[in-house]
Structure formats: C-alpha cells, structure tokens
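Colleague: coords please:
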Amino acid sequence: MRDDKIKRLTTLAMFSAIAFVVVALIRIPVVLFLKYEPKDVVITICGFIFGPLSAMLVSAVVSLVEMVTISSEGIIGCIMNIISTCSFACTASLIYKKVHSIKGAVVGLLCGVGVTVGVMLLWNYLITPIHMGLERQTVAAMLVPVFLPFNAIKGALNTAITLLLYKPVVTALRRARLVEESPLQAGGNKKASVGVVTLAAFLLITCVFFILVLRGIL
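Modeller: Down below sits the predicted model:
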C-alpha cells in the first residue's frame, strides 16, 4: 500500500512538472490578450487516470508555481487559472470515472467544454473588470464575441489533444508500471478508436480555422 502511494505521488509530481513546462513553453495567441496553453491536456489526462481530485490538486500546484515564477497576473490570475482548468479537467474526469469507457471519455470532455464556457463567462464578467482595470460594461460587451469563442476553442483543442494523447500516455505509464490498464487504453474496439481519432482531427481542424479567423488571417 505504501509503495502504491509513493508511486502515485511520484506520478502526480511528474504530471505537475510536465504541465508547468508546457505552459512555460507553449502560449498561442488567439484573440486580444487571450492565449491558448495546453496544460489542461496534461491535467485532464492525470484526472482520467487518478480521478478529479488529483486533477484539482495538480491544477492548484501548477497554477501556484506559475504565479510565483513566469506569470505577472498575481493571485487573481492564479485563481482564474484554477477555475478554468478544474471546470474542464474535473468535469471530464468525474464523468469518465462514472462511465469508464471511450464513450464516457468523449462525453466527459464535451461536457467539460460546456461547463468551462459557462463558468468562465460568469467569472470573466465578475473578475476581469477588477483584474484588468476595465469597465464592467466593456467586459460585458466582450463576453459573447471574445470570451465565449475563446473558451469554446480552448476546450475543443483540449478535447482533441486529450483524445489523441491519452492512449499512448497510459500505455507508456503502464509499461513503466506506474498505472494499471484501463478500458479506454485496452484496445479491443477498433471502430471506436477510429471514431475517436476522426473526432479529434475534426476538432483540431475546426479550431485552427476559427483561430485564423479570430486572428484576422482568414
């Protein structure tokens, strides 16, 4: 039992380190001051493996480390990061925990997108005027044309990349004897796997298209 706890803590620390490196190295401008950072993918995969509480813990650790190292947004930015990540990763991993299958993963991720969009519309309306020094009316006018598409694109990208990376990541961890085999990793349903890859590819292409539109390139 003690070895299992040590193994789990070690793996969670590894996920936290990877998520921090990802957010430090990859920041893709989408619209105005909003950037896409794929750390939620790492944290969601962690949640799929260890559950929503672990995803919440890793999210808090990474956001706190980010706040005191590479971020200039202070405690409010840290809190917003935790809320955004947990609304996606914890929702997805909670549903996947209840429906432990490819279908459960897809449904969980899509629900995570919906929850994130709704939650961040509320919190951007409440917090962004204070955090960015903007008039509340200005932020309210940005909710639908700016924050809604940004969070929808962010969630769709996280969904697509998670679907593509989860199986190889779990396979590698299982070979290293850090996690046990799960139904989503066990490859018995080729049609479902093809469907997952097709969905992920569609989401990636769609998101790239919308990012180009929002950036004024198309």
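Colleague: Now do the helices in this protein.
Modeller: 2-25, 39-50, 52-69, 74-98, 102-132, 136-142, 148-175, 190-214 (DSSP state H).
Colleague: Run the angle between the fifth one and helix 148-175 for me.
Modeller: If I follow you right, that is helix 102-132. Per axes from the mean of the first three to the mean of the last three C-alpha atoms, to 10 degrees, the angle that helix 102-132 makes with helix 148-175 is 130 degrees.
Colleague: residues in contact with residue 52?
Modeller: Listed by C-beta atoms under 8 Å, 6 or more residues apart in numbering, the contact set of residue 52 reads 89, 90, 91, 93, 94, 97. Glycine gets a C-beta too; all of them are placed from N, C-alpha and C.
Colleague: how near is the fourth one to residue 209?
Modeller: Here the criterion is C-beta to C-beta, to the nearest Å. By it, residue 93 lies 28 Å from residue 209.
Colleague: Over to the last one?
Modeller: Separation of residue 97 from residue 209 (C-beta to C-beta) stands at 33 Å.
Colleague: ditto for residue 21
Modeller: Residue 21 is 28 Å from residue 209, by C-beta to C-beta.
Colleague: can you check residue 120 too?
Modeller: 22 Å.
Colleague: residues making contact with the lowest-mean-pLDDT helix or strand in the chain?
Modeller: Ranked by mean pLDDT, DSSP states H and E, the weakest helix or strand in the chain is helix 190-214, scoring a mean of 86. Applying C-beta under 8 Å, 6+ apart, the external contacts of helix 190-214 come out as 28, 30-31, 36, 102-103, 106, 149-150, 153, 156-157, 159-161, 163-164, 167, 187, 218.
Colleague: Just the buried ones from the residues you listed?
Modeller: 30-31, 36, 102, 106, 149-150, 153, 156-157, 159-161, 163-164, 167 (16 or more other C-beta atoms under 10 Å).
Colleague: Spatially central residue for this structure, please.
Modeller: Centre of the chain computed as the mean C-alpha position; nearest residue by C-alpha atoms, centre = their mean is residue 40, 2.5 Å away.
Colleague: Local confidence estimate at the residue nearest to residue 140 when sequence neighbours are not counted?
Modeller: Excluding the flanking residues, the one nearest residue 140 by C-beta to C-beta, 6 or more residues apart in numbering is residue 125, at 6.2 Å. The predicted local distance difference test score for residue 125 is 95.
Colleague: ok so, going back, contacts only, for the residue nearest to the centre of the chain.
Modeller: 84, 85, 88, 89, 154, 158.
Colleague: In a markdown table: the residues you listed, plus pLDDT, distance to residue 139 and neighbour count.
Modeller: Output for these, formatted as a markdown table (pLDDT from 0 to 100; distance: C-beta to C-beta, whole Å; neighbours: other C-beta atoms under 10 Å):
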| residue | pLDDT | distance to residue 139 | neighbour count |
| --- | --- | --- | --- |
| 84 | 96 | 16 | 22 |
| 85 | 96 | 21 | 27 |
| 88 | 97 | 21 | 34 |
| 89 | 97 | 25 | 32 |
| 154 | 96 | 18 | 25 |
| 158 | 97 | 24 | 29 |
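Colleague: Could you work out the most separated pair of those residues?
Modeller: 89 and 154 (12.2 Å; C-beta to C-beta).
Colleague: Now do the contacts for residue 36.
Modeller: 27, 28, 30, 153, 154, 157, 211.
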